[in-house]
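Peer 1: 3D, please:
(one chain, ligands or ions: 2)
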Amino acid sequence: MSDLLAGLNPDQFAAVTLPSQHALILAGAGSGKTRVLTTRIAWLIQHGQANPHSVLAVTFTNKAAKEMLTRLSAMLPINTRGMWIGTFHGLCNRLLRAHYREAGLPQLFQILDSGDQLSAIKRLLKNLGVDDEKFPPRELMHFINSHKEQGIRAGEAEAWDDWTRRRVALYAEYEAQCQREGVVDFAELLLRAYELLNRNEPLRRHYQTRFSHILVDEFQDTNKLQYAWLKLLAGRGPGVLSADGAPGALGAGQAVVFAVGDDDQSIYAFRGAEVGNMRDFEREFGVLNVIRLEQNYRSHGNILDAANALIAHNRGRLGKNLWTDAGAGEPIRVFEGFTDLDEARFIVDEVRELIRDGVERDQIALLYRSNAQSRVLEHQLFSAGVPYRVHGGLRFFERQEIKHALAYLRLIANADDDTAFARVVNFPTRGIGTRSLEALQEAAHRANSSLYNAAASLSGKAGTAVGGFIRLIEKLRSETAALPLPEKVEHIIDVSGLRQHYLGEKEGGERLENLSELINAAVSFLREDGDRTAEEGGEVAAFLAHASLEAGEHQAGAGETAIQLMTVHAAKGLEFDAVFLSGLEQGLFPHENAAQERDGLEEERRLMYVAITRARKRLYLGWAQTRMLHGQTRYCAPSIFLDELPVALLSRITPVAAPTPAYGRGYGAGSQATSQTSSSGGYGQAPMAADAYGGLRIGQNVEHSRFGQGVIVAAEGGGNDARVQVNFGSAGVKWLALAYAKLTPR
Ligand SMILES: Nc1ncnc2c1ncn2[C@@H]1O[C@H](COP(=O)(O)OP(=O)(O)OP(=O)(O)O)[C@@H](O)[C@H]1O
Ligand SMILES: [Mg+2]
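Peer 2: Ligands and ions are numbered 1, 2, ... in the order given. Got it, this is the predicted structure:
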């Protein structure tokens, strides 16, 4: 029995074995918060204070939830099946599936991921004839989601000017469209689940009585709505007061809430997360126990020191100390590439070396700020034959061919799903032109029906073409009705014409492989989550929800150990022996958007803190002087975060790779250049070595009296010998001595 608690330090021990009172664990990265939370669940069950059925735990990713279930089954001889452990979205999905009628949803309601949501909004604007320059779809999506995240429906939204009045009206139209189509977006999952419990007293009481313990990991990243949802479940919502009304006292139907978090790792403010929830929680729940854990068990000393030094630049922290007795370990390696390609080559060489030295592949992570950065890394890994897995980003379930196949599956399950309809009505092409579609959309709009149902009212050529599609869907529906999920998927891929279509496409090979992988994904879904399908509306609904919610967590080639690639956001809560952080450049990390937000730089710094603290033994920080992103070459200055790390902890490495010829000669050799000041810089402003260039910068547009306009692409030398290379377009690429050439900045 005491095995559970073996190895815990006294603070952790106290946290795990707390009496039944609300508690907040406020502690830094790697101090064992997640471990404490998992162990507490086991301890509660072992000590008869809770049964598996009465525990609800919210984790940050589906991966974390799975890990928690695995650990629990290892700690206790219990069946963890059916335990309510998952993400906010996952748990809300479960609740809504179980009570779809009460929630006002069709049984097989579909989940829109953010890509689907954007296309649904675009379709709405088009139907209503709204000018999408005045109401940019992305902006509208943000407007709608941020209202939902605050629990505000269109009917309750405030409008302070005409423009906003119009946006609120569009929000209402959007709500109606989703309702008609039987689809819910991510924010809606939460809001619906909240409203369901809030309005439906018997149901609320049922769940309040059922859950005696609620545990929340990564509490700092909950938004207002999630917190309100937790409060309802915990019996703090309307209609339930504690027995004597005093804070802290537990009444009947109330759950004990155990929240763990780290204000320094709050990285979702842009999505409405509120660190303030921690303070509210303390106050509203009368938390008596705020426990701090100060020993870090994850990282070697140098890594931890770097993280502590970095985060010390933020103001308004709740304040924590972290120490380790793991020893200093190795220095943090900082490397600089001439180009992103050099950087990637260096990383991959180093990765191969680590693997040769015996580091497990899945103990190596390549992290980056933005998904777009993964391409060059993937390419290098691929060429080197190193197996890798990308989490998030170019998500498997977001690939075009996968979405097409899933759209057929969705349409078969729910004919009213207009997003799915619009996606595949003419894919593969079956002669249904834009005109026919517009006619159909109008008919549906007039009849206030789905596209599918409006098809019958269409006459002429359009009617025949669309009629053929409807017959195809009906044929698919009846042919696949009795098939198990994987065969259903396979049948759809064949009969819809998707396979044939990609067979005929020049670059279709990879897409065909992905379609086969989708069948595999269905097989492994049933194997791993098959026990939950009944509870979640059957195989198809559960699989589609899984595809929307877990996008990216099931990569092609699952099973093989692989290098892990992901954004820093996605790496939260995880740990790896070796971490490579790529793209430490001004404008990329910290991201340029951060400059426009209040607290933007501090949020980026917290993100950097998260990145650093993922590493156990080795940490590499990289940047490149030039980077191709979104089809453009960007000229970069090193991130200010590099300057914020104590020099004594760093070891600068000169890349072994030669500069890539395409970018011409670089300036200065490797490590020297890292000492440039970076304070001036966003993109397009990378300072060249010190002031030798009279304030000119790589990437700068200049004018020359003879060659005309050009852009500086490289520089070398200094003082009187300073030279720059300028691309003058049709006049060619020239090296010019600055002492002689008259270049005017443009
Ligand atoms: N008392 C302990 N003895 C040995 N190892 C421990 C102890 N407590 C935690 N660990 C280990 O330290 C690592 C970090 O723990 P954990 O992931 O729970 O930290 P965390 O506080 O949740 O971190 P993060 O803030 O990054 O989510 C894990 O590998 C965990 O198993
Ligand atoms: Mg954790």
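Peer 1: Spell out which residues sit in contact with the residue in the stretch 501-650 of the chain positioned nearest to ligand 2, please.
Peer 2: Ligand 2 sits closest to Gly573 of the stretch 501-650 of the chain, with a gap of 4.2 Å, by CB to the ion. All C-beta spots, glycine's among them, are computed from the backbone N, C-alpha and C. Contacts for Gly573 (CB atoms under 8 Å, 6 or more residues apart in numbering) come out as 34, 59-61, 64, 217-218.
Peer 1: One more: Glu528?
Peer 2: Residues near Glu528 by CB under 8 Å, 6+ apart: none.
Peer 1: So what does it have for phi and psi?
Peer 2: With angles defined as degrees, to the nearest 10, Glu528 sits at phi -90, psi -40.
Peer 1: Give me the below-cutoff pLDDT ranges for the stretch 451-600 of the chain.
Peer 2: Counting by pLDDT under 70, the stretch 451-600 of the chain shows low-confidence ranges at 507, 550-560.
Peer 1: Which stretches in it count as strands?
Peer 2: Applying DSSP state E, counting those that start in this stretch to the stretch 451-600 of the chain gives strands spanning 563-567, 576-581.
Peer 1: try the stretch 201-350 of the chain
Peer 2: Going by DSSP E, counting those that start in this stretch, the stretch 201-350 of the chain shows strands at 213-216, 256-261, 289-291, 332-339.
Peer 1: now for the last one, which elements pack on it?
Peer 2: In this case it means strand 332-339. Strand 332-339 sits against helix 301-311, helix 340-356, strand 615-629, strand 650-653, helix 670-673, with contacts defined as 3 or more CB pairs under 8 Å, 6 or more residues apart in numbering; DSSP states H and E.
Peer 1: orientation of that strand relative to helix 301-311 in degrees?
Peer 2: With axes from the mean of the first three to the mean of the last three CA atoms, to 10 degrees applied, the angle from strand 332-339 to helix 301-311 works out at 70 degrees.
Peer 1: which residues of the stretch 401-550 of the chain fall in helices?
Peer 2: Assigned helices in the stretch 401-550 of the chain, in chain order: 418-424, 434-447, 451-454, 460-480, 485-495, 498-503, 508-529, 538-549 (criterion: DSSP state H, counting those that start in this stretch).
Peer 1: Could you pull up the mean pLDDT of stretch 213-230?
Peer 2: The average pLDDT for stretch 213-230 rounds to 94.
Peer 1: can you check stretch 344-356 too?
Peer 2: 95.
Peer 1: May I have the residues that are in contact with the closest residue in space to Asp325 that isn't next to it in sequence?
Peer 2: Distance criterion CB to CB, 6 or more residues apart in numbering; nearest residue to Asp325, sequence neighbours excluded, is Gln295 at 7.5 Å. Contacts for Gln295 (CB under 8 Å, 6+ apart) come out as 9, 11, 31-32, 322-325.
Peer 1: From ligand 1, how far out is the residue of the stretch 101-250 of the chain found nearest ligand 2?
Peer 2: Here the stretch 101-250 of the chain gets closest to ligand 2 at one residue, Asp217, 5.9 Å apart by CB to the ion. In this view, Asp217 and ligand 1 are 7 Å apart by CB to the nearest ligand atom, to the nearest Å.
Peer 1: right, and that residue touches Phe60 too?
Peer 2: Yes - Asp217 is in contact with Phe60 according to CB atoms under 8 Å; the separation is 6.0 Å.
Peer 1: Look through this protein and state the residue closest to ligand 2.
Peer 2: Closest point on the chain to ligand 2, by CB to the ion, is Thr34, at 3.2 Å.
Peer 1: Which secondary structure element is home to that residue?
Peer 2: Assigned by DSSP states H and E, Thr34 belongs to helix 33-46.
Peer 1: can you tell if that helix touches ligand 1?
Peer 2: Yes - Helix 33-46 is in contact with ligand 1 by CB under 6 Å from any ligand atom, via 33-35.
Peer 1: Sort out which one of these lies nearest Leu451 for me.
Peer 2: When the residues of helix 33-46 next to ligand 1 are compared for distance to Leu451 (CB to CB), Thr34 wins out at 45.3 Å.
Peer 1: Please list only the buried members of the contacts of Gln295.
Peer 2: The neighbour count (16 or more other CB atoms under 10 Å) marks 11, 31-32, 322, 324 as buried among the contacts of Gln295.
Peer 1: Flag whichever of those scores worst on pLDDT.
Peer 2: Among these, Leu322 carries the weakest pLDDT, at 88.
Peer 1: Looks like it contacts Leu304 (just checking).
Peer 2: Yes - using CB under 8 Å, Leu322 is in contact with Leu304, at 6.1 Å.
Peer 1: any residues in contact with both of these two?
Peer 2: Taking CB under 8 Å, 6+ apart as the contact rule, Leu322 and Leu304 both touch 30, 296.
Peer 1: If you rank the residues of helix 33-46 next to ligand 1 by neighbours, which is first?
Peer 2: Lys33 (26 neighbours; other CB atoms under 10 Å).
Peer 1: Quick check: bridge partners of the closest residue to that one other than its chain neighbours?
Peer 2: In this structure, Lys33 finds its nearest non-sequential neighbour in Val260, 4.1 Å apart by CB to CB, 6+ apart. The partner list for Val260 in beta bridges (DSSP bridges) reads Ile25.
Peer 1: and Val260, what is it in contact with?
Peer 2: 24-27, 33-34, 36-37, 215-219.
Peer 1: I'd like the residues you listed as CSV, with distance to Glu282 appended.
Peer 2: Output for these, formatted as CSV (distance: CB to CB, whole Å):
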residue, distance to Glu282
Leu24, 6
Ile25, 12
Leu26, 9
Ala27, 15
Lys33, 16
Thr34, 20
Val36, 18
Leu37, 18
Leu215, 16
Val216, 14
Asp217, 17
Glu218, 17
Phe219, 11
